[in-house]
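[1] sequence first, then the predicted structure:
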Amino acid sequence: MTRPENYQAYEGNADTLVALGETLFKDTSLSSNGLACASCHNEGAGYNATFSDEYPHPVAMAKNIFGMDQVYLDEMVQICMVQPMAAEPLPWDSQELAALTAYMSKVQADWVK
Ligand code: HEC
């Protein structure tokens, strides 16, 4: 679930991406099991203390399931897509991945406060 070589994330207007990310966060159609990100992470729920660390950083789920010593935030989005959401990872250069990553970054900033 690591970033591909020569990774170029989708670039777009930051506010647009955050708004789209918030919508996707609640979208059960992203998963194959009826869950949305918000099913586990509503109102700042479901994160461990590592979420307050600057990315990249170690995350237990990434280590235990994917053998990754540390993750970037977009990699963490992909890990939750594949593992708890039981879906395919999003295309790395997609607007969806950039949007969820932008939104999660905002959630993280609020969570750390
Ligand atoms: C079935 C529950 C579940 C769903 C659905 C889920 N997650 Fe998670 N998520 C977790 C768990 C459990 C952790 C804690 C992992 C750990 O600390 O080892 C986590 C942790 C995270 C973290 C923080 C990792 C860190 O400590 O830095 C992010 C970011 C995240 N999820 C994003 C998402 C996104 C985006 C989605 C939707 C695509 C999603 N999650 C869907 C269970 C879920």
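    Everything's here; your move.
[2] SS state for the nearest residue to residue 68 once chain neighbours are set aside?
    Ranked by C-beta to C-beta, 6 or more residues apart in numbering and with sequence neighbours excluded, the top spatial neighbour of residue 68 is residue 62, at 4.3 Å. Glycine gets a C-beta too; all of them are placed from N, C-alpha and C. At residue 62 the chain is in helix, as set by DSSP: H, G, I helix; E, B strand; the rest coil.
[3] got a list of what residue 62 touches?
    Residues near residue 62 by C-beta atoms under 8 Å, 6 or more residues apart in numbering: 1, 68, 70, 71, 75, 76, 79.
[4] with respect to the ligand, which of these is nearest?
    residue 76 (4.4 Å; C-beta to the nearest ligand atom).
[5] so that closest one touches residue 57, yeah?
    No: taking C-beta atoms under 8 Å as the definition, residue 76 is not a contact partner of residue 57, at 9.4 Å.
[6] these two: who's more crowded?
    Neighbour count, other C-beta atoms under 10 Å: between residue 76 and residue 57, residue 76 has more, with 23 against 16.
[7] show me what contacts that one?
    If you count contacts by C-beta under 8 Å, 6+ apart, residue 76 has them with 55, 59, 62, 104.
[8] what's the helix or strand for it?
    Using DSSP states H and E, residue 76 sits within helix 73-82.
[9] after that helix, heading C-terminal, what element do we hit next?
    With DSSP H and E, the next secondary element past helix 73-82 is helix 95-112.
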